[in-house]
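K.L.:
here's my sequence, what's the structure:
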Amino acid sequence: MANLNSSSETTSNEPAHCGSKPKKIAIGIAPLGFISIGIVPMGIITIGVVPMGVVSLGVVAMGVINASIVGMGIFSAGITTMGIKVWSPTTPTVLEQTENERSLELNNIFAYPSKSEAEQEAKKMGCIGVHKMGKLWMPCATHGTSE
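P.N.:
Numbers count the residues shown, from 1 in each chain. Okay, here's the model as predicted:
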């Protein structure tokens, strides 16, 4: 029968993990250190597949500053980013967003700037009521009732 109360000595050569004290530099499957490189690194500067820390570089990064495929944090740079400040190849600039909204308003033939214009169009279309769509008004009480 094994003694359940026996303790094993840990050496400083073993990789750091969630239950151990962080090292200055840790490399491994689940390294925990100030600078961590690995599969699930956690620390101040992390580089890996799922890094979590102040500065995270990896496939799924979560931290204050991220550069990754999927980044979540305060500052994120990558393909799919979520945070306060984000950069992604697909993120439109504020100017582009404003221009897109303006062109949508100008090109939408069933949205009107005033409620009365939408009500007049609703009568022409043979439907009842109007509804608000952003800053514009649309004929008919709901979408899809213009028939």
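K.L.:
tell me where the chain has helices.
P.N.:
With helices called from DSSP state H, the chain shows them at 94-107, 115-125.
K.L.:
which of those helices has the lowest mean pLDDT?
P.N.:
The minimum mean pLDDT among those belongs to helix 94-107 (a mean of 53).
K.L.:
what packs against whichever strand in the chain runs longest?
P.N.:
Taking DSSP state E as the criterion, the chain has its longest strand at strand 52-87. Helices and strands touching strand 52-87, by 3 or more CB pairs under 8 Å, 6 or more residues apart in numbering; DSSP states H and E, are strand 42-48. C-beta coordinates here come from the backbone N, C-alpha and C atoms, glycine included.
K.L.:
buried set for the strand it packs on?
P.N.:
Residues 42, 43, 44, 45, 46, 47, 48 are the ones in strand 42-48 that count as buried (16 or more other CB atoms under 10 Å).
K.L.:
next, the angle from it to strand 52-87.
P.N.:
Counting by axes from the mean of the first three to the mean of the last three CA atoms, to 10 degrees, strand 42-48 lies at 60 degrees to strand 52-87.
K.L.:
burial count for residue 125?
P.N.:
14 (other CB atoms under 10 Å).
K.L.:
would you quantify the distance from it to residue 137?
P.N.:
13 Å (CB to CB, to the nearest Å).
K.L.:
could you measure from residue 114 over to residue 77?
P.N.:
Separation of residue 114 from residue 77 (CB to CB) stands at 43 Å.
K.L.:
hmm, residue 64 and residue 76 touching each other?
P.N.:
No: shown here, residue 76 and residue 64 do not form a contact pair, counting by CB atoms under 8 Å, at 9.7 Å.
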